[in-house]
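*Asks:* Just the structure for this:
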Amino acid sequence: MTKAAQMAARHDTMDPRGNTGGMGGPVCIGPFIGELAYEFMDGGLARKLSRKHTPVCVVTRPDRTAFHEDYATEIIAHNFQCVGAGSRATTETHPTLEELREWVPQGYRWIRQNELGGEYLRQGEYIVYGQNVPEWAGAIILHARDRDYCRNRDWTRPNWHRLGRWLAREFPQNRLVCIGSMSESHAIEGCHDLRGIPIRDTMNVLHSAWVFIGQSSGPAHLASHCGLSHIIWCEGGTDALYRERWNPHKTWVRARVFEGDPHKPSFEAVRDYVMESLGELRKDAA
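*Replies:* Numbers count the residues shown, from 1 in each chain. Next comes the predicted model:
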């Protein structure tokens, strides 16, 4: 649906006399344009803000509406094609202020993503994403990140395939699943390929599985928000964030910074770390 059609189709949820029931007036939050993880972390701040306003409109990518459906009165899907961190995207792909403003319905107070501010855990309100699907109980989830703009930080494809084969041998009773987008991740040998499925279905898989294994990434953050135990390797300083600030539900997590290049550890180093961590996970669950 075009932007013009979306705007024409929207209905005003306010009382015809303008009565908001003691709440603040209508707000439009977004457009959310940045990386995956920033969207649902900032979404917790937006959710908290929504308790003080009605109606609440959220503007986001068409494949990410599921992050906001529990609190937004209305969701509009934008068509920006941008990549990068946070709400800034990259210089080359960042929409102009005027382009962003065009998505705000008339009469709504505009709150941009980078204006939400605050501290995620202290000032946000977070829900556990996903529903329990028995089919994915006990699954081991892998995300083999493969992004053009951060290629130097991606673990190598041969190592991912070796890890997949090793996990299949060591844990034959657990289904191996790889997730992520089709364009920014790759399939892993021996895994059930669920890349490219809708976010809502991905959240259900994560909520139902046994453990997530991978580098620091958007899907790794999403695993935490779905309440899934996760085993992460990352750069210095990020490990503490996974354990605290990026873990609103206090989900079980192990995060390690490998010596040397933290993004390119050897297969053997990752294998031993994963085996040790899975042993701890089983012990802690007993």
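
*Asks:* For the nearest residue to R109 once chain neighbours are set aside, name its beta-bridge partners.
*Replies:* In space, and not counting its chain neighbours, R109 is closest to V27: 4.9 Å by C-beta to C-beta, 6 or more residues apart in numbering. Heads up, the C-betas are built off the backbone N, CA and C, glycines and all. In this entry, V27 is beta-bridged to V56, R109, by DSSP bridges.

*Asks:* From H249, how far out is V27?
*Replies:* Note on V27: its distance to H249, by C-beta to C-beta, to the nearest Å, is 26 Å.

*Asks:* now L116
*Replies:* 20 Å.

*Asks:* between these two, who's got more neighbours?
*Replies:* Set L116 next to H249 and count neighbours by other C-beta atoms under 10 Å: L116 wins out with 21 against 13.

*Asks:* What residues does that one make contact with?
*Replies:* For L116, the contact set (C-beta atoms under 8 Å, 6 or more residues apart in numbering) comprises 29, 42, 45-46, 49.

*Asks:* pLDDT at it, what is it?
*Replies:* We have a pLDDT of 88 for L116.

*Asks:* Can you tell me how far R47 is from V128?
*Replies:* 13 Å.

*Asks:* the more surrounded of the two?
*Replies:* Set R47 next to V128 and count neighbours by other C-beta under 10 Å: R47 wins out with 22 against 15.

*Asks:* in what helix or strand does that one lie?
*Replies:* helix 36-50 (DSSP states H and E).

*Asks:* What of N79?
*Replies:* Using DSSP H and E, no helix or strand contains N79.

*Asks:* Compute the number of surrounding residues for the residue nearest to R109.
*Replies:* By other C-beta under 10 Å, the residues close to V27 number 21.

*Asks:* mind listing what it touches?
*Replies:* Counting by C-beta under 8 Å, 6+ apart, the residues that V27 touches are 49-50, 53, 56-57, 108-111.

*Asks:* Could you tell me which of the residues you listed count as buried?
*Replies:* Buried residues within the contacts of V27, counting neighbours by 16 or more other C-beta atoms under 10 Å: 49-50, 53, 56-57, 108, 110-111.

*Asks:* quick check, nearest of the residues you listed to M23?
*Replies:* H53 (5.8 Å; C-beta to C-beta).

*Asks:* got the phi/psi numbers for that closest one?
*Replies:* phi -140, psi 150 (degrees, to the nearest 10).

*Asks:* Tell me which residues are up against stretch 227-244.
*Replies:* With contact meaning C-beta under 8 Å, 6+ apart, stretch 227-244 is reached by 121, 128, 130, 141, 206-207, 209-216, 220, 223-224, 249, 251-258, 262-263, 265, 270, 273-274, 277-278, 281.

*Asks:* Inside strands: which ones of the residues you listed?
*Replies:* Of these, the ones assigned to strands by DSSP state E are 141, 211-215, 253-256.

*Asks:* so which of the contacts of L116 is the most crowded?
*Replies:* For the contacts of L116, neighbours tallied by other C-beta under 10 Å; top is I29, 30 neighbours.

*Asks:* thinking that one is in contact with V56, fair?
*Replies:* Yes: the criterion here is C-beta atoms under 8 Å, and I29 meets it with V56 at 6.9 Å.
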